[in-house]
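S.K.: missing the sequence, but the structure's below:
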Ligand code: SF4
């Protein structure tokens with residue numbers, strides 16, 4: 001996982017696990033929608049992601065961690081929902097259109113890619129979730145989930161609650177190229193990156209695009225490096241950088257070096273925890289098995305209710 005995940009989702013999840021009975025899952029069926037031609041990478045990522053979660057402070061004793069494809073009911077409920085979801089609901093999905101544009105190197109004109117919000121609805125409603133933490137871009141999918149729940153309840157009787165959108169604060173951190181940080185865009189800094197990789201990636205970051213020469217004053221308000229400083233650099237230093245940037249007293253190269261040093265320092269405890277976990281992967285697998293078992297119990301119950309309602 002990368003810094004966009006950390007500041008967009010994981011920090012928020014850490015808070016939610018204090019207040020809710022949380023279910024966090026690895027969406028490996030979803031990963032197939034864009035990685036169907038390279039499935040090896042999906043399996044390799046699963047344990048890595050769980051290790052990332054625990055390293056940043058998600059707690060398997062408080063929340064349930066599980067893997068989507070290990071719970072067959074996700075696929076079953078997806079099938080049922082796909083029967084009742086009108087095609088225009090999916091075609092008007094703004095994320096669908098955006099991703100088709102952004103990931104034009106991949107052939108995403110597939111049934112599965114168009115239908116992934118239906119699978120999301122199954123993921124959510126299988127556990128009769130009361131809320132779903134999402135970024136703004138995913139909010140339309142939760143709305144679609146509510147519509148699917150309403151439609152199911154209308155045809156077959158009241159079974160599913162309509163989940164709330166728990167809007168997560170949007171991460172201010174953009175990718176290296178100032179687009180949204182994403183592995184697919186090759187513009188991310190990962191929690192697992194080494195010191196050398198962090199330095200290299202920070203060196204690639206686009207700063208204030210108007211600042212062509214070292215002697216030009218910069219504008220930290222539109223600089224992505226500065227957004228990183230605001231998270232990783234002490235407040236008094238941030239204020240100093242703000243002034244020095246505007247008067248060209250500091251150059252972007254030095255400014256980036258300072259930021260990279262603070263970023264490395266902040267990620268160190270996460271990396272330390274990761275290396276302890278990596279030396280005991282059996283424990284990680286036990287955590288996943290226990291989570292799968294708990295999730296499966298609930299999913300089986302819901303699916304039995306669905307079949308009863310459908311009279312199938
Ligand atoms: S000096 Fe720092 S804050 Fe200013 S434009 Fe360069 S990298 Fe951004």
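M.R.: Great, that's in hand. Worth saying up front: this structure is predicted, and the values here are computed from it rather than measured.
S.K.: for the ligand, what are the nearby residues on the stretch 201-312 of the chain?
M.R.: Contacts of the stretch 201-312 of the chain with the ligand, taken as Cβ under 6 Å from any ligand atom, map to 207-208, 211, 218, 220, 223, 225-226, 241, 245, 250, 252, 255-256. Where you see a C-beta, it was placed from the backbone N, CA and C, and this is true even at glycine.
S.K.: Could you rerun that using 5 Å?
M.R.: Proximity of the stretch 201-312 of the chain to the ligand is confined to 207-208, 218, 220, 223, 225-226, 245, 252, 255 under the rule Cβ under 5 Å from any ligand atom.
S.K.: Now do the strands in the stretch 51-200 of the chain.
M.R.: All strands of the stretch 51-200 of the chain, identified by DSSP state E, counting those that start in this stretch, fall at 64-67, 131-134, 164-167.
S.K.: If you count neighbours, what's buried in the last one?
M.R.: It refers to strand 164-167. Within strand 164-167, the residues that qualify as buried are 165-167, counting by 16 or more other Cβ atoms under 10 Å.
S.K.: host element of the residue nearest to the spatial centre of the chain?
M.R.: In the chain, the residue lying closest to the centroid (Cα atoms, centre = their mean) is residue 5, at 5.0 Å. In this assignment (DSSP states H and E), residue 5 forms part of helix 3-5.
S.K.: where's the nearest residue to residue 184 once chain neighbours are set aside relative to the ligand, distance?
M.R.: Spatially, and ignoring its direct neighbours in sequence, residue 184 is nearest to residue 103 (5.9 Å; Cβ to Cβ, 6 or more residues apart in numbering). Per Cβ to the nearest ligand atom, to the nearest Å, residue 103 is found 29 Å from the ligand.
S.K.: repeat for residue 302
M.R.: Distance of residue 302 to the ligand, computed by Cβ to the nearest ligand atom: 50 Å.
S.K.: these two touch, right, that residue and residue 126?
M.R.: Yes. Using Cβ atoms under 8 Å as the test, residue 302 is close enough to residue 126 to be in contact (5.2 Å).
S.K.: what residues are shared contacts of these two?
M.R.: 73, 77 (Cβ atoms under 8 Å, 6 or more residues apart in numbering).
S.K.: When the two are compared, which one has more neighbours?
M.R.: residue 126 (25 against 18; other Cβ atoms under 10 Å).
S.K.: tally of neighbours for residue 39?
M.R.: 12.
S.K.: What residue, apart from its backbone neighbours, is nearest it spatially?
M.R.: Of all residues not flanking residue 39 in the chain, residue 32 sits nearest, at 6.9 Å (Cβ to Cβ, 6+ apart).
S.K.: Specify the local secondary structure of the one you found.
M.R.: Three-state assignment for residue 32 (DSSP: H, G, I helix; E, B strand; the rest coil): helix.
S.K.: that older thread, would you list the strands of the stretch 51-200 of the chain in TSV and tack on distance to the ligand?
M.R.: What follows is these, written out as TSV (distance: least, Cβ to the nearest ligand atom, whole Å):
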stretch	distance to the ligand
strand 64-67	38
strand 131-134	30
strand 164-167	29
